[in-house]
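Let's see this in three dimensions:
(one chain, ligands or ions: 1)
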Amino acid sequence: MHAADFNKTALTGLGSILFAMLLVAFSNLVFAPQRPAVPGYALPTSAAPSQAPAAAAAPKEEPLPALLAKADARKGAQDAKVCTTCHTFEKGGAVKIGPPLWGVVGRPVASLPGFAYSDSVKAVGGDWTYETLDHWIGDPKGMAAGTKMAFPGEKDAQKRADILAYLQTLSDKPVPFPTQASAK
Ligand code: HEC
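As a prediction, the model looks like this:
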């Protein structure tokens, strides 16, 4: 092989290599993959309007003063019939299974000397108010877990208010109902 021939061959070879490199460079230029600035999918930004407050809160029970304002003592006397299994209502009434309830509104809790109250009720303290009586009649065990009063509780708030209106009448000096303003 002549030197000149070698050079020719070598040049041809170099030329093809150069051409190939140019091709690669050029194709990279043309097909340059578009890379997003931030990898990953663009998620729809959840600017969805804030959900309407979940299923409107359960209707709130009317406050006790409002229920008492429209309470009916005569209906209450009927609803209080269940109490008479265990309680007397008349003035000077005797102890039955439970203590007599004449004048119970405003009376200190667990205060009748002739009755053996449970420790649970004795621990309640304070005087019977319309508020505490409402709580008691609605859920005796919720107020004094260890009570001897085997009464499941009157769950109807208006019936309880009626019973309270009846209890109000069982006194020589009936205690006035709380007003909206005086109730906390
Ligand atoms: C099954 C019997 C029973 C029934 C029914 C019952 N009670 Fe009682 N009650 C009791 C007993 C027993 C006590 C004493 C509780 C204790 O010492 O744990 C009591 C206590 C009470 C007290 C506390 C009195 C005090 O001197 O501190 C009130 C108020 C009361 N009951 C109201 C009622 C009303 C109102 C009803 C009807 C809605 C009712 N009870 C139904 C048995 C009963």
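
Point out the residues in the protein that sit beside the ligand.
80, 82-83, 85-87, 97-99, 101, 104, 109-112, 117-118, 120-121, 128, 133, 136-137, 147-151, 154, 163 (Cβ under 6 Å from any ligand atom). No exception for glycine: its C-beta is placed from N, CA and C like everyone else's.

could you redo the last one with a cut-off of 5 Å?
Contact residues, the chain versus the ligand (Cβ under 5 Å from any ligand atom): 83, 85-86, 97-99, 104, 109-110, 117-118, 121, 137, 147-151.

pretty sure residue 87 contacts residue 95?
No: using Cβ atoms under 8 Å, residue 87 is not in contact with residue 95, being 9.1 Å away.

Out of those two, name the residue with the larger neighbour count.
Higher neighbour count among residue 87 and residue 95: residue 87, with 20 against 14, using other Cβ atoms under 10 Å.

Am I right that that one is in a helix?
No: Residue 87 sits outside any helix when classified using DSSP: H, G, I helix; E, B strand; the rest coil, being coil.

Quick check: it vs residue 62, distance?
Counting by Cβ to Cβ, to the nearest Å, the separation of residue 87 from residue 62 is 27 Å.

Looking at residue 94 now. What's its pLDDT?
Looking at residue 94, its pLDDT is 96.

The one 3 residues further on now?
Residue 97 carries a pLDDT score of 98 in this model.

So it lies in a strand, does it not?
No: per three-state DSSP, residue 97 lies outside any strand segment and is coil.

That one is in contact with residue 86, isn't it?
Yes: counting by Cβ under 8 Å, residue 97 does reach residue 86; the two are 3.9 Å apart.

List the contacts of stretch 79-98.
Residues outside stretch 79-98 that contact it (Cβ atoms under 8 Å, 6 or more residues apart in numbering) are 99-103, 112, 114-115, 148-149, 151, 154, 159, 162-163, 166-167, 170, 172.

Buried residues of it, list them for me.
Buried residues in stretch 79-98, defined by neighbour count with 16 or more other Cβ atoms under 10 Å: 79, 80, 83, 86, 87, 88, 89, 98.

ok, now how distant is the third one from residue 61?
The one in question is residue 83. Taking Cβ to Cβ, one finds residue 83 at 22 Å from residue 61.

same question, residue 137
According to Cβ to Cβ, residue 137 stands 14 Å off from residue 61.

and if you look at residue 5?
For residue 5, the distance to residue 61 equals 109 Å [Cβ to Cβ].
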